[in-house]
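Predicted model follows, preceded by the sequence.
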Amino acid sequence: MRTLRQAALTGFLFAMAAGSALAHVPYVRPNVTDATGRDHVTIEASFTEDIFAAEVVMRSDAWRIVGPNGDTPITQVTYLRDLAVFEAPTPVDGTYRISSGARTGRTAKMYRAVDNSWKMVGEEDEAPPPDAVLVDVQSITTADTYVTRGAPSVEVLQATGSGLELVPLIQPSDIVAGEAAPFRLLLDGQPLAGVAVTVFREAGRYDGRKVDAELITDADGRIMITASDPGAYMTLIRHRMEAPAGSDVQYRSYSHSLTFVAQGG
């Protein structure tokens with residue numbers, strides 16, 4: 001069976017954007033996406049090389065749920081060895097975004113390969129070439145998901161303007177298998193063009209077709225995702241670039257995942 005690492009190797013070959021290798025990737029997943037009649041949802045969060053198969057616990061100091069009642073930090077989190085678990089309150093009707101927040105990770109080394117893509121040292125099958133110029137890069141990871149209680153609302157579908165984010169241009173509860181759903185990729189509020197977005201399907205763990213689509217954002221940062229069948233999906237984005245002036249490192253490696261469910265038609 002192909003892991004996320006193996007499947008994603010074909011999806012990230014472009015300059016100054018994403019690396020081709022894939023280590024553990026973050027995800028957050030609610031026990032339900034339709035929270036109608038519920039005052040909370042339960043969230044699991046982990047790093048994985050195989051979609052929704054928890055492997056390494058994900059810790060964060062910025063867990064939160066943002067909804068029609070405002071921005072609520074999540075402080076009561078149970079950390080196990082493989083995953084984190086917590087309850088996120090949904091006290092009123094509307095749409096909620098549950099997020100890990102931007103997690104600043106380790107500083108590593110990367111180099112530019114002959115195909116002009118960025119490679120992370122330690123994530124490749126081969127060692128860097130002898131003439132490779134190694135640069136410091138810091139990882140920043142974010143994992144998001146959405147749930148809706150009762151009638152949906154639109155507040156949390158607005159861009160935050162901070163970090164890497166994949167913004168739904170449709171109510172997440174309205175995503176239907178076989179129908180195109182629009183999204184927009186932004187970095188600090190600005191559209192990212194020409195960036196790879198890989199869409200994984202949970203059903204692929206059982207039928208072997210884990211990658212549902214490999215897309216490239218247009219000039220306005222937009223993509224259209226058409227889920228092939230009902231079920232749970234996760235988008236994954238890698239974006240590597242120079243860090244802003246005054247940063248501790250010269251480069252940053254952003255990772256973003258979004259979990260959503262495609263309904264049956």
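Perfect, I can see it now. Numbering: from 1, shown residues only.

looking at it, residue 211 is touching residue 196, isn't it?
No. In this structure, residue 211 is not within contact of residue 196 by CB atoms under 8 Å, at 11.5 Å. In this view, the C-beta of every residue, glycine as well, is placed from N, C-alpha and C.

neighbour count winner among those two?
Between residue 211 and residue 196, residue 196 has the larger neighbour count (other CB atoms under 10 Å), namely 22 against 19.

partner residues bridging that one?
residue 216 (DSSP bridges).

Same question for the one 4 residues further on.
When bridges are called by DSSP bridges, residue 200 pairs up with residue 211, residue 234.

How about the contacts made by residue 242?
The neighbourhood of residue 242, defined by CB atoms under 8 Å, 6 or more residues apart in numbering, consists of 250-252.

So residue 43 is in contact with residue 87, correct?
Yes. Between residue 43 and residue 87 there is a contact at 7.5 Å, judged by CB under 8 Å.

Those two: which is more packed in?
Set side by side, residue 43 and residue 87 show more neighbours around residue 43, with 24 against 16, by other CB under 10 Å.

how much space between residue 255 and residue 143?
9 Å (CB to CB, to the nearest Å).

Mutual contacts of these two, please.
In contact with both residue 255 and residue 143: residue 26, using CB under 8 Å, 6+ apart.

what number of residues lie near the nearest residue to residue 230 once chain neighbours are set aside?
In space, and not counting its chain neighbours, residue 230 is closest to residue 264: 4.2 Å by CB to CB, 6 or more residues apart in numbering. Neighbours of residue 264 under the rule other CB under 10 Å: 9.

Let me see the contact set for residue 264.
176-177, 230.

and residue 128, backbone torsions?
Per-residue torsions, residue 128: phi -60, psi 150 (degrees, to the nearest 10).

ah, wrong one, I meant residue 173
phi -70, psi -10.

right, and it touches residue 154 too?
No. Counting by CB under 8 Å, residue 173 stays clear of residue 154, with 11.9 Å between them.

In the stretch 151-265 of the chain, mark out all the helices, start to finish.
204-207 (DSSP state H, counting those that start in this stretch).

so where's it shaky on pLDDT?
Scanning the stretch 151-265 of the chain for pLDDT under 70 picks out nothing.

Can you give me the buried ones in the strand of greatest length in the chain?
Counting by DSSP state E, the longest strand found in the chain is strand 135-149. For strand 135-149, burial by neighbour count (16 or more other CB atoms under 10 Å) applies to 137-149.

Who are the packing partners of it?
strand 25-30, strand 40-48, strand 94-99, strand 103-112, strand 164-168, strand 251-262 (3 or more CB pairs under 8 Å, 6 or more residues apart in numbering; DSSP states H and E).

With only the CA atoms kept, save the last one in PDB.
By that I understand strand 251-262. Extracted C-alpha coordinates of strand 251-262, given in PDB (Å, rounded to 0.1, in the frame of the first residue of the first chain):
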ATOM      1  CA  TYR A 251      13.700  30.300   4.800                       C
ATOM      2  CA  ARG A 252      10.400  28.900   6.000                       C
ATOM      3  CA  SER A 253       8.700  25.700   5.200                       C
ATOM      4  CA  TYR A 254       4.900  25.900   5.500                       C
ATOM      5  CA  SER A 255       2.700  22.900   5.700                       C
ATOM      6  CA  HIS A 256      -1.100  23.200   5.800                       C
ATOM      7  CA  SER A 257      -3.800  20.500   5.800                       C
ATOM      8  CA  LEU A 258      -7.600  20.800   5.700                       C
ATOM      9  CA  THR A 259     -10.000  17.900   6.600                       C
ATOM     10  CA  PHE A 260     -13.500  18.000   5.000                       C
ATOM     11  CA  VAL A 261     -16.200  15.500   4.200                       C
ATOM     12  CA  ALA A 262     -17.900  15.200   0.800                       C
END
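
so what does it touch, helix or strand wise?
Applying 3+ CB pairs under 8 Å, 6+ apart, one finds that strand 251-262 makes contact with strand 25-30, strand 103-112, strand 135-149, strand 164-168, strand 231-242.
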